[in-house]
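# predicted model and sequence below, questions to follow.
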Number of protein chains: 2
Amino acid sequence: MTELEKGPKGRRRGRGARERILSASQQLFREQGINRTGMDQLCAAAQVSKRTAYQHFTGKDELVAEYLRRFDPSVLSGVFDRTDLTPRERLLAAFDIPPPTPLCPYIGAAVELHDPEHPASQYARDYKKAVAARLADTAREAGAADPEQLGEQLALLIDGAAARTRVLNADAFPTAAAIAAVLIDNAIPTSSPRQPSDDRGTTGSAPVPVGGR
Amino acid sequence: MTELEKGPKGRRRGRGARERILSASQQLFREQGINRTGMDQLCAAAQVSKRTAYQHFTGKDELVAEYLRRFDPSVLSGVFDRTDLTPRERLLAAFDIPPPTPLCPYIGAAVELHDPEHPASQYARDYKKAVAARLADTAREAGAADPEQLGEQLALLIDGAAARTRVLNADAFPTAAAIAAVLIDNAIPTSSPRQPSDDRGTTGSAPVPVGGR
DNA sequence: CCGTAAGCACACGGATCGGTGTACATAACA
DNA sequence: TGTTATGTACACCGATCCGTGTGCTTACGG
């Protein structure tokens, strides 16, 4: 862990610097937003000289883009690689977010930067498409009639829950999970017992009062 | 049009000033975002002296909060007051957004300001709750089994479509409308013939490929 | 006429921001 | 030893931002 990276000459590299900067970004950009986090504050939090920061990143824009690339494993892969779950359960697991909702930074970045051409915005787009694609793959695996449509729908539910959680300050993922259960049961012919009016409740999700954080 | 407002003494009041400021806010805050729109630029666009602006508003924060209050009629009331539509049609009409999607400023404000205690953030919360409540009222009117739940679900769909449209730069409302149709048909016993898998299509909404802008 | 209210033009202040420049310290090679 | 890469500490720049202070113009009403 406290090792060296292969440099141009194999010299000892500041193992911490870049890592600490990105680590501090994760925390500060989330807590305060991107625009409200200055480079001075960020460098102080990372215990890195400002000069060093600008030797690792050409500017804040690049840093922001890099910062966004550090989320895939935690959210995206973490859910889809659960081989212990059935495809259907995996689709629903995407809505099981821990109580202190992280609040999707991709939406935040796209809104804050406000420039669709910004590298971070472009990456946010790619990421969202990738999530929808993986949801579609899983939907296909689960035997959904129209996997692409279901994937897109579930992706929309996730974003809706994230946005609504942000605005209302109350966890909206249970509501989204309930909708997801309905959509999945409607799309997967085999697993839709199609009972009168209680399509939800097939997972461990709450009865969905509204959202209680 | 070039009339006067009732002032303390019936004097001639600058009819334009405040109105022009708010009007310019609508355009600039939407096009550029709140943080990226300076007071100088805003005053210039409104053709109002900066000094005058600060005599109408104590600060930018108050202006932003006031700016958010100018949307209810266009979106919220505009849909729910359509007496020519059945309650069910009204619920679905909430997803018929014109192609140049305005892109909900409440979400944008909540993300940009990043302070839940900011007056504008509080108003955004109130507004979102009001929308969900009106959706619930209409759902009740339409005979939904659980109107509050359906209202909350539809509100989530709207926010999801707005957020996703923002990030992906592609209209996500058709997808949301398709989900809404499913939820509505599932929630309203009378109007749900409960056919195999084609619950949608009861309105004029598209067959929902994915979203084409 | 003069008082008063509204508005304008313009400069300024303090703060913050992204980004640089400079000088110095350290450690690994050679 | 010296060179080179890496990093620190700290001042500094220009730009932008929100907000004010000052003085001038306009127009109404008594």
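Here it is on my side, so go on. These figures come from a predicted structure and were not determined experimentally. Residues are numbered from 1 along each chain as shown, chains lettered A, B, ... in the order given.
# from here on, just use CA atoms for contacts and neighbour counts.
Noted.
# and whatever residue of chain A ends up closest to DNA strand C, how far from residue B:117?
Closest residue of chain A to DNA strand C, CA to the nearest atom of the strand: residue A:38 (3.0 Å). Distance, residue A:38 to residue B:117, by CA to CA, to the nearest Å: 21 Å.
# next one: residue A:79
For residue A:79, the distance to residue B:117 - CA to CA - is 34 Å.
# show me the shaky parts of chain A.
Applying pLDDT under 70 to chain A picks out residues A:1-15, A:72-77, A:100, A:102, A:190-213.
# hey, where'd the helices end up in it?
Ranges of helices in chain A, per DSSP state H, are A:15-32, A:39-46, A:50-56, A:60-68, A:72, A:78-80, A:87-93, A:105-113, A:119-141, A:147-168, A:173-187.
# mind checking those helices for the one nearest to residue B:178?
helix A:147-168 (8.7 Å; CA to CA).
# quick one: the closest one near chain B?
Yes. Applying CA under 8 Å from any CA of the partner chain, one finds helix A:147-168 touching chain B at A:148-149, A:152-153, A:156-161, A:163-164, A:166-168.
# ok, so of those, who is nearest chain B?
Distance ranking of those against chain B, using CA to the nearest CA, places residue A:160 first at 3.1 Å.
# against residue A:59, how distant is the nearest residue to residue A:21 once chain neighbours are set aside?
The shortest distance from residue A:21 to any non-neighbouring residue, by CA to CA, 6 or more residues apart in numbering or on different chains, is to residue A:46 (5.2 Å). Per CA to CA, residue A:46 is found 16 Å from residue A:59.
# these two: which is more packed in?
Set residue A:46 next to residue A:59 and count neighbours by other CA atoms under 10 Å in any protein chain shown: residue A:46 wins out with 21 against 12.
# hmm, the more buried one is touching residue A:24, no?
Yes. Between residue A:46 and residue A:24 a contact is recorded at 5.4 Å, counting by CA atoms under 8 Å.
# tell me which residues touch the residue nearest to residue A:21, please.
A:17, A:20-21, A:23-24 (CA atoms under 8 Å, 6 or more residues apart in numbering or on different chains).
# now do 7 Å
Remark: with contacts taken as CA atoms under 7 Å, 6 or more residues apart in numbering or on different chains, residue A:46 is in contact with A:20-21, A:24.
# how about residue A:121?
A:109-110, A:115.
# next one: residue A:88
Residues in contact with residue A:88 (CA under 7 Å, 6+ apart) are residue A:142.
# got the residues of chain A near chain B?
Counting by CA under 7 Å from any CA of the partner chain, the positions of chain A adjacent to chain B are A:32-33, A:107-108, A:110-112, A:114, A:124-125, A:149, A:152-153, A:156-157, A:159-161, A:163-164, A:167-168, A:175, A:186, A:197, A:210.
# buried among the residues you listed? Need that as a selection in PyMOL.
Selection of the buried residues among the residues of chain A next to chain B in PyMOL, burial being defined by 16 or more other CA atoms under 10 Å in any protein chain shown:
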select buried, chain A and resi 33+107+108+110+111+112+114+124+125+149+152+153+156+157+159+160+161+163+164+167+168+175+186+210
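# what's the domain layout of chain A?
Listed domain ranges for chain A are A:15-59, A:72-187 (source: automatic domain parsing).
# take those domains and lay them out in CSV including distance to residue B:144.
Listed next are the domains of chain A as CSV, based on distance: least, CA to CA, whole Å:
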stretch, distance to residue B:144
domain A:15-59, 39
domain A:72-187, 15
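# which of the ones you listed sits most buried?
Highest mean neighbour count among the domains of chain A (mean count of other CA atoms under 10 Å in any protein chain shown): domain A:72-187, with a mean of 20.
# please state the offset of that domain from the chain centre?
Centre-to-centre, domain A:72-187 and its host chain are 7 Å apart (CA atoms, centre = their mean, to the nearest Å).
# would that domain count as contacting DNA strand D?
No. Domain A:72-187 is not in contact with DNA strand D by CA under 7 Å from any atom of the strand; minimum separation 13.1 Å.
# name the nearest residue to residue A:32, sequence neighbours excluded.
Residue A:32 sits nearest to residue B:114 (CA to CA, 6+ apart), 6.9 Å away.
# now residue A:160
residue B:160 (3.1 Å).
# report the contact partners of the one you found.
A:156-157, A:159-161, A:163.
# including distance to residue B:129, could these go into a markdown table?
Output for the contacts of residue B:160, formatted as a markdown table (distance: CA to CA, whole Å):
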| residue | distance to residue B:129 |
| --- | --- |
| A:156 | 20 |
| A:157 | 18 |
| A:159 | 18 |
| A:160 | 15 |
| A:161 | 14 |
| A:163 | 14 |
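# separation between residue A:104 and residue B:22?
Residue A:104 is 31 Å from residue B:22, by CA to CA.
# how about residue A:64?
The separation that residue A:64 has from residue B:22, given CA to CA, amounts to 32 Å.
# now residue A:173: closest residue in space, sequence neighbours ignored.
Per CA to CA, 6+ apart, closest to residue A:173 is residue A:161, 5.1 Å.
# report the contact partners of the closest residue to residue A:151 other than its chain neighbours.
Of all residues not flanking residue A:151 in the chain, residue A:136 sits nearest, at 4.1 Å (CA to CA, 6+ apart). For residue A:136, the contact set (CA under 7 Å, 6+ apart) comprises A:147-148, A:150-151.
# reformat the residues you listed as CSV; add distance to residue B:84.
Output for these, formatted as CSV (distance: CA to CA, whole Å):
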residue, distance to residue B:84
A:147, 36
A:148, 35
A:150, 33
A:151, 35
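# and of the residues you listed, the nearest to residue A:69?
For the contacts of residue A:136, the residue nearest residue A:69 by CA to CA is residue A:151; the value is 21.9 Å.
# in this structure that closest one contacts residue A:130, no?
No. In this structure, residue A:151 is not within contact of residue A:130 by CA atoms under 7 Å, at 10.3 Å.
# quick check: phi and psi at residue A:86.
phi -70, psi 160 (degrees, to the nearest 10).
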